[in-house]
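Asks: Here is a sequence with its predicted model. Questions after.
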Amino acid sequence: MTSNTSAEWFARALHVTSGGVNSPARSFRAVGGDPPVVMARGEGPYLIDVAGQRYIDYLAAFGPLVLGHGHPRVVEAIRTQALQGTVIGTPTPSEIELAEELTASITGLDMVRLTSTGTEAVMSAIRLARAYTGRPLVVKFEGTYHGHSDAVLVKAGSGASTVGTADSLGIPTGVTGDVISLPYNDLDRLSEVMRRVGDQVACVLTEPIVGNMGIVPPEPGYLAGVKEITHAHGALLIFDEVITAFRFHYGTAAELLGVIPDLYVLGKIIGGGLPAGAYGGRRAIMEYVAPLGGMFQAGTFAGNPLSSAAGLATLRVLKEESPYARMDRLADRLATGILATADQFRIPVTLNRAGSGFTVFFGPRRVTDYETAQQADATRFARFHRLMLERGVYLAPSRFEAWFVSAQHTDAEIDRTLTAVHDAFSMLQAE
Ligand code: PMP
């Protein structure tokens, strides 16, 4: 069967997958329910759909594509590795080299274990914290997203909040009973809860800069406070840096903010566009992981040679070319332009930016946590999303995600995006 348009492809998808997608965050249900665009390929900072239409890509596949699509050095590394084997089932050089590079370049990462996804890495880091401390409880924050394992779907952000399943069906009370979800950026609530049950808490888990209720940075001193409270009660601090590691500089957000956790979770960029995740931290904790210790975690595809080769190639380009200042400048130009245009058309907008990632919230209020993020206007975002799509700009189909500028974007793409924003805001004002 041949299909020519997105609509035709998506009609087929609807027959064979729930909602036509393999991950709910890809659905357009939150932005009006139109069929999503079925993309044929990516090229640098562009996406090209099955009908040949081009879009400037600010999705970056939800984060991994810091070098855009098809960077020649990444493609070459994948090709070379594919000829040598795609999965082998023994230790291989590329995974060892990737682990060496990660531990050498990240403060507080003495040892690392590679997984296939961020979800597995978070799930394993939680198990490790429980194994190491001998305690059951996990403290996390509302509107953060840590993958789709049972424990972390309690009041989760990202796709979970977009489709309204922040508390998923199918999670036993035995699991939810051991998870406490608190407002982000609120040290008083954390202190109060830790005073009551801190001696039962295995870990406090957070994204250091949240990417999954839109970009929400920590208030000054917040993360240092979280670390102090966590350690005062003998619990471990886990930073989920699946989005943030290597996004803002060559290293982690923890290093940038000067607060080093006991365990890190990594993913996305470290796989160079192939499936990847990792967790790691202090040696004494990592020695609990099997086969050295009694915390079991495994994976046929863990430390996959293709993912490791792509990740390593990506890290080498980032290290050698350091595109961060340029990406920041472009994101700043775009963000400043969006705010000025919003002002011009009197559209209340709040913009949270961290380096090359930012979120446009349609509302006048500062966004510092899940409650304030949810107050942003969903209907207006849906309309804006559609108007931008019609003007060849692809944004994540949710108001709780980020725009990511990649190392392949240039001033030309930013100019064209700002023109689209101008058109879109003028239409929003008229409606
Ligand atoms: N943690 C964070 C902070 C994430 O943003 C994500 C994915 N968006 C995950 C974990 C889960 O990673 P994966 O989708 O690779 O399982």
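Replies: Yep, that arrived. All figures in this text were calculated on a predicted structure; none of them were measured in a lab.
Asks: Just the pLDDT for the closest residue to the ligand within the stretch 201-350 of the chain.
Replies: Evaluated by Cβ to the nearest ligand atom, the stretch 201-350 of the chain has Val242 as its residue closest to the ligand, separated by 3.5 Å. Glycine gets a C-beta too; all of them are placed from N, C-alpha and C. We have a pLDDT of 98 for Val242.
Asks: tell me which element the nearest residue to Arg346 once chain neighbours are set aside is part of?
Replies: Distances taken as Cβ to Cβ, 6 or more residues apart in numbering place Gln429 nearest to Arg346, at 6.6 Å, with adjacent residues excluded. Per DSSP states H and E: Gln429 is located in helix 411-430.
Asks: Which residues does that helix contact?
Replies: 45, 56, 58, 330, 333-334, 337-338, 341-342, 344-347, 380, 383-384, 387-388, 391-393, 405 (Cβ atoms under 8 Å, 6 or more residues apart in numbering).
Asks: Give the buried residues for it.
Replies: By 16 or more other Cβ atoms under 10 Å, the buried positions in helix 411-430 come out as Glu413, Ile414, Thr417, Leu418, Ala420, Val421, His422, Ala424, Phe425, Leu428.
Asks: so Thr119, which of the three states?
Replies: Secondary structure, DSSP: H, G, I helix; E, B strand; the rest coil: Thr119 is helix.
Asks: count of neighbours near the nearest residue to it once chain neighbours are set aside?
Replies: Nearest non-adjacent residue to Thr119, counting by Cβ to Cβ, 6+ apart: Gly147, 3.0 Å away. By other Cβ atoms under 10 Å, the residues close to Gly147 number 22.
Asks: returning to that earlier point: number of nearby residues for the residue of the stretch 201-350 of the chain closest to the ligand?
Replies: Quick note: Val242 (other Cβ under 10 Å) scores 31 neighbours.
Asks: Same question for it, what's its three-state structure.
Replies: Going by three-state DSSP, the state assigned to Val242 is coil.
Asks: per-residue pLDDT, Asp34?
Replies: 86.
Asks: and it, that one's in a strand?
Replies: No - judged by three-state DSSP, Asp34 forms no part of a strand; its state is coil.
Asks: near the ligand, which residues of the stretch 201-350 of the chain show up?
Replies: Glu207, Gly211, Asn212, Asp240, Val242, Ile243, Gly267, Gly277 (Cβ under 6 Å from any ligand atom).
Asks: try 5 Å this time
Replies: Counting by Cβ under 5 Å from any ligand atom, the positions of the stretch 201-350 of the chain adjacent to the ligand are Glu207, Asp240, Val242, Ile243, Gly267.
Asks: Tell me who's in contact with the last one.
Replies: Each residue near Gly267 by Cβ under 8 Å, 6+ apart is listed here: Thr117, Gly118, Ala121, Val242, Ile243, Ala245, Ala276, Gly277, Ala278.
Asks: Isn't the first one up against Tyr279?
Replies: No - contact status for Thr117 versus Tyr279: not in contact, 11.4 Å apart, counting by Cβ atoms under 8 Å.
Asks: Domain-wise, how is this protein divided?
Replies: Following automatic domain parsing, one finds the domains of the chain at 6-66+323-430, 72-320.
Asks: hey, where'd the strands end up in the stretch 251-400 of the chain?
Replies: Taking DSSP state E, counting those that start in this stretch, the strands of the stretch 251-400 of the chain run over residues 263-267, 277-281, 350-354, 357-361, 393-394.
Asks: between the third one and strand 357-361, what angle do the directions make?
Replies: Direction vectors for strand 350-354 and strand 357-361, defined by axes from the mean of the first three to the mean of the last three Cα atoms, to 10 degrees, enclose an angle of 170 degrees.
Asks: gap between Val405 and Ser149?
Replies: 30 Å (Cβ to Cβ, to the nearest Å).
Asks: the more surrounded of the two?
Replies: Shown here are Val405 and Ser149; by other Cβ under 10 Å, Val405 has more neighbours (31 against 18).
Asks: How about the contacts made by Ile229?
Replies: Contacts of Ile229 were listed using Cβ under 8 Å, 6+ apart, and they are Leu187, Leu190, Ser191, Met194, Gly198, Val204.
Asks: Quick one: neighbours of Gly70, just the number.
Replies: By other Cβ under 10 Å, 14 other residues sit near Gly70.
Asks: isn't it right up against Leu47?
Replies: No - judged on Cβ under 8 Å, Gly70 makes no contact with Leu47 at a distance of 11.6 Å.
Asks: Find the closest residue to the ligand in this structure.
Replies: Residue of the chain nearest the ligand, by Cβ to the nearest ligand atom: Gly118 (2.3 Å).
Asks: Please name the spatially closest residue to that residue (chain neighbours excluded).
Replies: Gly118 sits nearest to Gly267 (Cβ to Cβ, 6+ apart), 3.3 Å away.
Asks: distance of the one you found from Leu102?
Replies: Gly267 is 12 Å from Leu102, by Cβ to Cβ.
Asks: Overlap in contacts, the two.
Replies: Ala278.
Asks: coming back round to it: mean confidence for the helix holding Gln429?
Replies: Rounded mean pLDDT across helix 411-430 is 97.
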